[in-house]
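Colleague: Got a predicted structure here, sequence first:
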Amino acid sequence: MSAIVSVENVVKEYPLGKLKVRALDGVTLSFGEGEFAAIAAPSGAGKTTLLNLIGCVDVPTSGVVRIDGQATSELDDAGLTRLRLHKLGFIFQSFNLITVLDVYQNVEFPLLLQGGMTKKERDRRVREIVEQVGLDKQMRHRPNELSGGQRQRVAIARALVTRPRIVLADEPTANLDSATGQNIIGLMKEINRKNRTTFIFSTHDPMVMSQAERVIRMADGRIVGEERRAAEGAA
């Protein structure tokens, strides 16, 4: 399995007054295409920082992050923006939906940013993914008219509408009850199997860890362990 994401000896430091806090301390790991993986750690261990570096939201202090073979440090701002728009999808624990837009408009928004698509093609793409996440009847509802689980489904649809190769999910079940969280992870697994989309989660939810094919454990900014289990349906 070729690596679609690789992180090589990455260090990330943040200034804190006259001190420097090391959020990541020499992290090296990679993810193959089609993986369904979780980065598991308590709060403050560095998992969100790692996700932000993979997602080109932040840059490492030292070391190299590669997305689909491209070192992110070699890209200018326009190149990083293109990478985020065309190869990466993001799902946040706080949903990050635009409150004045309805479901359809929230999901369409990344396609408008991406550009290069006719209105007819955008419409087909949006309706297809909204139906896939089970919200076709809520298409014209705004976020404040939806439940937490429905809002997370909108966030998933928005992340997937551009057909990214990699989806990064930061604590995607944190604001959901356990039953809704299980449904959301089940939906992501279905999309992973169908489209070979690579999913990388940060989580401390045991349920999410139990569903991942690979769990990378972190503590104090370092990788401290890893567990793998066979994908469902594997021989």
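Modeller: Great, that's in hand. Just so we're clear, the structure is a prediction, and the values are computed from it rather than from any experiment.
Colleague: Does residue 101 belong to a helix, a strand or coil?
Modeller: Assigned by DSSP: H, G, I helix; E, B strand; the rest coil, the conformation of residue 101 is coil.
Colleague: next one: phi and psi at it?
Modeller: Summarising the backbone geometry of residue 101 under the convention degrees, to the nearest 10, its torsions are phi -100, psi 150.
Colleague: so it touches residue 107, yeah?
Modeller: No - at 9.1 Å, residue 101 does not count as touching residue 107 under the criterion of CB atoms under 8 Å. Placement of C-beta: from N, CA and C, glycine included.
Colleague: For the two, work out which one has more neighbours and name it.
Modeller: Set side by side, residue 101 and residue 107 show more neighbours around residue 107, with 28 against 15, by other CB atoms under 10 Å.
Colleague: what residues are up against the more buried one?
Modeller: The contact partners of residue 107, by CB atoms under 8 Å, 6 or more residues apart in numbering, come to 126, 129-130, 154, 157-158, 161.
Colleague: From residue 208, how far out is it?
Modeller: When distance is defined by CB to CB, to the nearest Å, residue 107 is 23 Å away from residue 208.
Colleague: tell me the mean pLDDT over stretch 18-27?
Modeller: In this model, stretch 18-27 has a mean pLDDT of 93.
Colleague: start at 700 instead
Modeller: Got it, first residue is 700 now, which makes that one stretch 717-726.
Colleague: Would you mind listing the buried residues in it?
Modeller: When neighbours are counted by 16 or more other CB atoms under 10 Å, the buried residues of stretch 717-726 are found to be 722-723, 726.
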